[in-house]
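> Model the structure of this input:
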Amino acid sequence: VVFQLHSQASLSYLNSPIKKAIFKLVLSPAHLLFVLTPWWKNQIAGVFSANKIQIIPNPVSSTLLDLPKKQIQGEEKEIKIIAMSRLVAGKGFEEVISAMQKLDEHYSLEIAGDGPLKRQLEKQVIALKLEKRVKFLGWIDAKEKIARLTSADVFCLPSMNDSFGMVYIEAMACQLPVVALNFG
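Residues are numbered from 1 along each chain as shown. Next up is the predicted model:
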């Protein structure tokens, strides 16, 4: 029996004695437990035998690994920031939009993704008068994701839901500097 943990929701089980006991009971039939990062291994080690916990990082597709190296062409007129993920609480989209107010006019933001927070985020953009600088792309397919990442200058997702999500790895594979939280 093998389990994989990759959700920040698991932390809520570790922070409550009753939930921790239930979590331990659920994991008890497992022979192996896979996690994405050493941080996760440290978190789970108190609940599950450390020698049965294996770290398997998210993979990077060969399409991303085969991208040509990005050439920096001096100072650009517009700086394109991209944020992409499901538009849900905890991903940090609200903070990215708020930060746009502090950046000069030549910074723009593209938000790729869909989810229950979309209307709220659109209202925030309007309230902050950022409609000309913030664009919602909706959910995009893998080919368009690579195109958007390779044409951007910075990837930004200050998520409190992801310890080291795929989108960070994909952004780095596209040679983008990544702005994220030191979380998990």
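> Please count neighbours and contacts with C-alpha atoms only from this point.
OK.
> Show me what the host helix or strand of Ile169 packs onto, helices and strands only.
Secondary structure assigned from DSSP states H and E places Ile169 in helix 166-173. Contact analysis of helix 166-173 by 3 or more Cα pairs under 8 Å, 6 or more residues apart in numbering; DSSP states H and E lists helix 62-65, strand 178-179 as its packing neighbours.
> Least confident of the ones you listed, on average?
Here the helices and strands packed on helix 166-173 differ in mean pLDDT, and the lowest is helix 62-65 at a mean of 64.
> who are the neighbours in contact with the residue nearest to Val88 when sequence neighbours are not counted?
With Cα to Cα, 6 or more residues apart in numbering as the criterion, Val88 has its nearest non-adjacent residue at 5.4 Å, and that residue is Leu117. With contacts defined as Cα atoms under 8 Å, 6 or more residues apart in numbering, the neighbours of Leu117 are Leu87, Val88, Ala89.
> swap the cut-off to 10 Å and go again
Residues counted as contacts of Leu117 (Cα atoms under 10 Å, 6 or more residues apart in numbering) are Arg86, Leu87, Val88, Ala89, Phe93, Glu94.
> ok, now Lys118?
Arg86, Leu87, Val88, Phe93, Ile111, Gln124, Phe136, Gly138.
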